[in-house]
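**Student:** No letters, just coordinates:
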DNA sequence: CGGGTAGAGAACTTGACGTTTCTTATGGCA
DNA sequence: TGCCATAAGAAACGTCAAGTTCTCTACCCG
């Protein structure tokens, strides 16, 4: 069930769908999501064409546009559904390890297709500033909350000064990571993460 | 000499150039730069069309493409020429004031047409990753050097611990500012700058 | 002053978006 | 079970701007 199409793909990932059954509702929705992610992985956001997604999903462009107003909305929805729940809170007993663990998790995401998507969504932000709010709500804020939790647990252990529990400081990790991601080409080297933690965050939060 | 065209503009900024003299070389180059910046200010990067720039500059698309391979290169060149030299180093005698002054200068730039351009260039980065290097070299690294100078002068006065004179810490200001810029819609509130300085940079560099 | 270079301008090609139209399959409901 | 409104598939279409190519002509240099 990992791949959608069975055979007869064309150069652009189109499937031969002269005889497939016709789906509706959730089944179609899901198929389009899968096709979107496959295309995203295969050709990246910049080269992701609505028609190719439609073909790969054995659907029509009309079905796509009936559900999403634009490529950005489709991709944002599709990627959001695949992101592992941020419930996986690291808890190693050491703030430094927890922070690094969070950053490494984010970096892994950003180094993959989700990163491609986020980079593309941020790019589309020029034409559609409302997208910023979507990106922040779906892909940024959850990360900040995760960091805030880590800091709070560190404060409970006495590792973190309580005055460091501000949004500004909690978002430093995600901010610096995203900054690095946007300004350099992938992948993000682990070295950069360690530097962020050891040179910036740890000195700032130390009790 | 501020504006290029004299009269008879159309809705898209095209000039009536049935009878204008024909320029070459630098004169044309300059006229295209001015037209690019005017268009950038008028309609923004997303809506900046090569044909409109050509019309406004009383030039042909051919002349544009003979000089620049793409819209991104044209805009990068044009904006780079207008950015005030980073020689204006603030030196108030206080690191905090110097840092704030730098950040305010950058924020003012980002809040204007240059910001529009940088946002657009970063967006085009998806299709042309080489652009990242151009953007970093022209619009990012100079800022980091400016900050490094400020920190060095602060260290000479004893305000800054010398171990804080690292690229990672010097780029914190520009990084956080750019991050804010990319993730929020303009303008950048002064409040955000003060927070960056007082909650992050100052506590980190204090001797 | 004459010829090569470069610019103006318009036509053209291409590629994708987003829409529309027509046909047909599907699933709910009587 | 059979009807029918709804939604799907497919293809064609209109639009728009990128980038190229063509012709004609102005400018500069020798």
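**Tutor:** Happy to help now that I have it. Remember, it's a predicted structure, so these values are computed and weren't measured experimentally.
**Student:** Would you mind listing what in chain A touches DNA strand D?
**Tutor:** With the criterion set to CB under 7 Å from any atom of the strand, chain A comes near DNA strand D through A:17-18, A:22-25, A:28, A:58-63, A:66. (Glycine included, C-beta is placed from N, CA and C.)
**Student:** Just the ones of those in helices?
**Tutor:** Helix and strand membership here follows DSSP state H; of the residues of chain A next to DNA strand D, those in helices are A:25, A:28, A:61, A:62, A:63, A:66.
**Student:** on that earlier part again, ok, of the residues of chain A next to DNA strand D, which come out buried?
**Tutor:** With neighbours counted using 16 or more other CB atoms under 10 Å in any protein chain shown, those contain these buried positions: A:17, A:23, A:28, A:58, A:59, A:63.
**Student:** excluding its backbone neighbours, what's nearest whichever residue of chain A sits closest to chain B?
**Tutor:** When distances are taken as CB to the nearest CB, chain A approaches chain B most closely through residue A:123, which lies 3.6 Å from it. Distances taken as CB to CB, 6 or more residues apart in numbering or on different chains put residue B:123 closest to residue A:123, at 3.6 Å, once the chain neighbours are dropped.
**Student:** quick one: contacts of whatever helix or strand that neighbour lives in?
**Tutor:** Under the criterion of DSSP states H and E, residue B:123 resides in helix B:113-124. For helix B:113-124, the external contacting residues (CB atoms under 8 Å, 6 or more residues apart in numbering or on different chains) are A:122-126, A:182-183, B:37, B:40-41, B:44-46, B:48, B:70-72, B:75-76, B:78-79, B:82-83, B:109-110, B:131, B:134-135, B:139, B:181-182, B:186.
**Student:** Kindly report the same for stretch A:177-186.
**Tutor:** Contacts to stretch A:177-186, defined as CB under 8 Å, 6+ apart, come from residues A:103, A:106-107, A:110-111, A:115, A:118-119, A:122, A:140, A:188, A:192-193, A:196, B:122, B:129, B:132, B:135-136, B:140, B:175-176, B:178-179, B:182-183.
**Student:** So which bits of that stretch are buried?
**Tutor:** Applying a neighbour-count criterion of 16+ other CB under 10 Å, one finds A:177, A:178, A:179, A:180, A:181, A:182, A:183 buried in stretch A:177-186.
**Student:** Report the mean confidence score over stretch A:193-207.
**Tutor:** Confidence over stretch A:193-207, taken as the mean pLDDT, stands at 95.
**Student:** tell me which residues of it are tucked away?
**Tutor:** With the criterion 16+ other CB under 10 Å, stretch A:193-207 contains buried residues A:193, A:195, A:196, A:197, A:199, A:200, A:201, A:204, A:205.
**Student:** Closest to residue A:98 out of the residues you listed?
**Tutor:** residue A:197 (9.9 Å; CB to CB).
**Student:** Surely that closest one touches residue A:96?
**Tutor:** Yes. Between residue A:197 and residue A:96 a contact is recorded at 6.2 Å, counting by CB atoms under 8 Å.
**Student:** Can you tell me which residues in chain A are near DNA strand C?
**Tutor:** Counting by CB under 7 Å from any atom of the strand, the residues of chain A that sit close to DNA strand C are A:21-24, A:48-51, A:61-62, A:65, A:70-71.
**Student:** Between which two of the residues you listed is the distance greatest?
**Tutor:** For those, the farthest-apart pair by CB to CB is A:21 and A:70; their separation is 28.4 Å.
**Student:** Between the two, point out the one with more neighbours.
**Tutor:** Shown here are residue A:21 and residue A:70; by other CB atoms under 10 Å in any protein chain shown, residue A:70 has more neighbours (15 against 7).
**Student:** What score does the more buried one have for pLDDT?
**Tutor:** At residue A:70, the model reports a pLDDT of 95.
**Student:** Now do residue A:193 against residue B:184, distance only.
**Tutor:** 24 Å (CB to CB, to the nearest Å).
**Student:** so how far is residue B:127 from residue A:47?
**Tutor:** Distance of residue A:47 to residue B:127, computed by CB to CB: 8 Å.
**Student:** State the distance from the most centrally placed residue in chain A to DNA strand D.
**Tutor:** Within chain A, one residue has its C-alpha closest to the average C-alpha position: by CA atoms, centre = their mean, that is residue A:114, at 4.0 Å. With distances taken as CB to the nearest atom of the strand, to the nearest Å, residue A:114 is found 26 Å from DNA strand D.
**Student:** I figured residue A:91 hits residue A:153, correct?
**Tutor:** Yes. Between residue A:91 and residue A:153 a contact is recorded at 6.7 Å, counting by CB under 8 Å.
**Student:** So if I had to pick from those two, which one is more boxed in?
**Tutor:** residue A:153 (17 against 11).
**Student:** In terms of secondary structure, what does the helix or strand that one falls within contact?
**Tutor:** Using DSSP H and E, residue A:153 maps to helix A:141-156. Identification of packing neighbours for helix A:141-156 by 3 or more CB pairs under 8 Å, 6 or more residues apart in numbering or on different chains; DSSP states H and E yields helix A:95-111, helix A:167-170, helix A:172-183.
**Student:** what residues does the longest one touch?
**Tutor:** The one in question is helix A:95-111. For helix A:95-111, using CB under 8 Å, 6+ apart, the contacting residues are A:83, A:88, A:90-92, A:115, A:118, A:143, A:146-147, A:150-151, A:153-154, A:157, A:159-160, A:173-174, A:177-178, A:181, A:186-188, A:190, A:193-194, A:196-198, A:201-202, A:205.
**Student:** what about residue A:176, distance to residue A:29?
**Tutor:** Using CB to CB, residue A:176 is found at 36 Å from residue A:29.
**Student:** can you check residue A:144 too?
**Tutor:** Taking CB to CB as the criterion, residue A:144 is separated from residue A:29 by 30 Å.
**Student:** Mark out where each domain of chain A begins and ends.
**Tutor:** Chain A breaks down into these domains under automatic domain parsing: A:1-82, A:86-205.
**Student:** Now do the longest one: distance to the chain's middle.
**Tutor:** If I follow you right, that is domain A:86-205. Averaged C-alpha coordinates place domain A:86-205 at 12 Å from its chain's average position (CA atoms, centre = their mean, to the nearest Å).
**Student:** Spell out which parts of chain A neighbour chain B.
**Tutor:** Near chain B, the residues belonging to chain A are A:44-46, A:119-120, A:122-127, A:129, A:132, A:135-136, A:140, A:166, A:168-169, A:172, A:175-176, A:178-179, A:182-185, A:195-196, A:199-200, A:203-204 when assessed by CB under 8 Å from any CB of the partner chain.
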